[in-house]
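Trainee: no sequence for this one, just the structure:
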RNA sequence: CGGGGCGUGGCUCAGUCCGGUAGAGCGCUGCGUUCGGGUCGCAGAGGUCCCCGGUUCGAAUCCGGGCGCCCCGACCA
């Protein structure tokens, strides 16, 4: 870095910016283990807020949390053919334990379908035992060739929901219910509005019949698969003999779904809202929503510290997460830069002048056009308005992200050449027709590095459905959205 | 797994070409000063120079081998 104090600007090198901001805002750090990161308190606090919100939504819709083991017998993973084909290259395997070679190796879970459905098989006998609606918060391991903090690490944290149903219709409904929950969560909490839709066969989950995805557009116009919900059909039920006796008395295979979001969402948040000054954390996710910086000037700083603490308690009473930064070895300016880099939405300054005049200085992480960075307002007004200001900030992030997504999307692209040009000129999501073959996906990927992110859900489709495939070969069977992806 | 880069105080790095007392900035500790946008001064602590072997009177530096990490691609959440 030329200037150690500043981050590499996004426009100069987005990837460098991302790495620097994650490290220097203390979200995470590289660990001694290749490809594995340490999530530091600031990053983990954001994840905890995500967890809490999602967990509430899962429970509201009837799901319960449970916990299944980290180690999975190798033979389980191998049972579903597509599943093992998809995961084989990235498995970490335990072959030795207790000082002895194991008779059968254990796989460190890359995902838990196999062990969970083997247990469901034990617990489900009758249609009366269905549906089974469980979720687990866990770590999983996939031995990735190339890793990036939060976006792709060998070990990551996630939730994985696994359900079993009596009918395909009910399972499909569950799949879509969760997709909707993910979408709403991403919009309302992360301010990261995804487009939703179906994955093409080549991009779907290993072992699924259908995969639905939330795809968000990052500031560098690359797509991030931010959450997936899979309709598994009876693929796993058949391999693990997950059967039940129906109302009519017949033995039938259950229908499964699985769905997950991971700590990758933290990376998505970074790349959706961050700027050249650092992170911008949406208020609902911010471990600290308001930082209070006392201006420690004058002979007696006690009243200033007391005032700061009093403000904190009042904010706390209003349901706001606030923190006083009373460190006496840093100047106020140094603290401003630090908290701005960490993305705290609002800052309050309290100095002798303010106490005298009954006012507080209020600064916003993102300054609205035409406003000053810092406002001096009556104390009561600041305290009274902060809840609404936090909500407004949250909304503003969402609106800006959605506007950016749409202005970087192009619809009605009808040739591969145009598609290539659109991507080269910095477009994000490109909508075209598709004849449904994987050959087209391969061709386009080879030429543009872009893949089909989704066959968009109805509300995201263009007013006029494309009639021809983008290659010109054959009729379009579905509109698709292309993008380069993380 | 291909290509590139790098391993030297906590961090970022210089020094390596051309062997000769191990350095800078930041950070850290103490004292003082300052504090409303990255205070300033003085004093101080802190190093098996990634590892193993070789050459040499002498290796951070040269030679051989190994390990690790980061970045770019291919594979993937």
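Mentor: Yep, that arrived. In this text, all values refer to a predicted model and were calculated from it rather than measured experimentally. Residues are numbered from 1 along each chain as shown, chains lettered A, B, ... in the order given.
Trainee: Look up which residues are beta-bridged to the nearest residue to residue A:288 once chain neighbours are set aside.
Mentor: Once flanking residues are discounted, residue A:288 sits nearest to residue A:323: 4.6 Å by Cβ to Cβ, 6 or more residues apart in numbering. (Glycine included, C-beta is placed from N, CA and C.) Applying DSSP bridges to residue A:323 gives these bridge partners: residue A:291.
Trainee: Residue A:323: neighbour count?
Mentor: Using other Cβ atoms under 10 Å, residue A:323 is surrounded by 16 other residues.
Trainee: Residue A:399 now?
Mentor: 12.
Trainee: Check residue A:119 too.
Mentor: 19.
Trainee: Now it: which helix or strand?
Mentor: helix A:113-123 (DSSP states H and E).
Trainee: Let me see the ranges of the helices in the stretch 251-400 of chain A.
Mentor: Assignment of helices within the stretch 251-400 of chain A using DSSP state H, counting those that start in this stretch yields the ranges A:264-273, A:302-317, A:332-341, A:352-357, A:379-407.
Trainee: and residue A:471, which of the ones you listed is closest to it?
Mentor: Closest to residue A:471 of those, according to Cβ to Cβ: helix A:379-407, at 25.9 Å.
Trainee: picking up where we left off before, out of the helices of the stretch 251-400 of chain A, which is the most enclosed?
Mentor: helix A:264-273 (a mean of 25; mean count of other Cβ atoms under 10 Å).
Trainee: and that helix, what does it pack onto?
Mentor: Applying 3 or more Cβ pairs under 8 Å, 6 or more residues apart in numbering; DSSP states H and E, one finds that helix A:264-273 contacts helix A:14-24, helix A:41-60, strand A:223-233, helix A:379-407.
Trainee: just the angle between it and strand A:223-233, please?
Mentor: With axes from the mean of the first three to the mean of the last three Cα atoms, to 10 degrees applied, the angle from helix A:264-273 to strand A:223-233 works out at 140 degrees.
Trainee: From the rest of the structure, what touches helix A:264-273?
Mentor: By Cβ atoms under 8 Å, 6 or more residues apart in numbering, the surrounding residues in contact with helix A:264-273 are A:18, A:21-22, A:27, A:43, A:46-47, A:50, A:148-152, A:156, A:186, A:190-192, A:216, A:218-220, A:224, A:226-227, A:279-282, A:285, A:343, A:397, A:401, A:486.
Trainee: Give the residue spans of chain A that score low on pLDDT.
Mentor: Residue ranges of chain A with pLDDT under 70: A:1-3.
Trainee: So which of the contacts of helix A:264-273 reach RNA strand B?
Mentor: A:148-149, A:151-152, A:156, A:486 (Cβ under 7 Å from any atom of the strand).
Trainee: Most widely separated two among those?
Mentor: Pairwise distances across those (Cβ to Cβ) peak at 13.5 Å, for the pair A:156 and A:486.
Trainee: Those two: who's more crowded?
Mentor: Shown here are residue A:156 and residue A:486; by other Cβ under 10 Å, residue A:156 has more neighbours (21 against 18).
Trainee: Okay, buried residues for stretch A:226-245 please.
Mentor: By 16 or more other Cβ atoms under 10 Å, the buried positions in stretch A:226-245 come out as A:226-237, A:239-240, A:242-244.
Trainee: How far off centre is it?
Mentor: 24 Å (Cα atoms, centre = their mean, to the nearest Å).
Trainee: I am finished for the moment; much appreciated.
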